[in-house]
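> What follows is a predicted structure for the sequence shown.
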Amino acid sequence: MGKSMEEARPEAAGVHHEEAFFARLYAEHRKMYVIALSYMRSEADALEVVQEASCRAWMKRKKLRDESAFTPWIIRITINCCMDELRRKKRVFPAEGLAEQAAREMNSNERIDLERAMDRMKPKYRHTVMLKYYQDMTTAQIAEVLQKPEGTIKTWLREGLKQLRNDLWDTEAKHNGK
């Protein structure tokens with residue numbers, strides 16, 4: 001026999017929620033990819049991170065209580081996936097990566113200097129600077145994503161830029177033989 005109306009409703013509601021979740025996720029995919037690319041610096045790695053973040057979001061979707069917080073929530077998951085992948089990559093030393101790294105070491109232009117300076121920053125400063133300048137987010141949006149007070153975000157941004165400026169200044173001085 002067929003299902004009663006009451007039995008069919010929860011299933012239909014589940015399908016609706018599933019479709020709504022994937023619609024929201026799809027709307028954020030570009031932002032997730034750009035963030036992942038800014039951390040991973042490789043299209044393939046960025047795509048892998050977006051896939052992993054999407055999977056984690058799906059598994060943890062019931063923990064999201066406030067639908068209006070979806071964007072900061074998914075960005076935080078994406079950043080966490082990036083950091084996990086970067087930590088994992090530090091433990092693995094592929095031989096082909098050594099030759100590529102040696103080639104990058106020899107090539108010293110401003111972009112590589114900036115990437116290296118960003119790598120040397122404390123993670124809290126790097127996250128803040130990347131979200132502000134790579135994603136054009138406001139301090140209020142960054143505070144929501146990182147779940148910190150706005151004043152803390154402003155401090156981290158100021159300190160991160162100071163650290164970045166000093167690091168780039170030192171790098172420039174080394175290149176100029178000073």
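That came in fine, so what should we check first? Numbering: from 1, shown residues only.
> Please identify the buried residues of the helix or strand where Thr155 lies?
With elements delineated by DSSP states H and E, Thr155 resides in helix 150-175, which encompasses its position. Of the residues in helix 150-175, those buried under the neighbour-count criterion (16 or more other C-beta atoms under 10 Å) are 153, 156-157, 159-161, 163-164, 167, 171. C-betas here are computed from N, CA, C, even on glycine.
> can I get those residues in a markdown table with pLDDT and distance to His29?
Shown next, in a markdown table, are those (pLDDT from 0 to 100; distance: C-beta to C-beta, whole Å):
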| residue | pLDDT | distance to His29 |
| --- | --- | --- |
| Ile153 | 95 | 25 |
| Trp156 | 94 | 27 |
| Leu157 | 93 | 26 |
| Glu159 | 93 | 32 |
| Gly160 | 90 | 27 |
| Leu161 | 89 | 29 |
| Gln163 | 88 | 31 |
| Leu164 | 84 | 29 |
| Asp167 | 81 | 32 |
| Thr171 | 68 | 35 |
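> From the residues you listed, pick the one nearest Ala143.
Comparing the buried residues of helix 150-175 against Ala143 with C-beta to C-beta picks out Ile153 as the nearest, at 4.7 Å.
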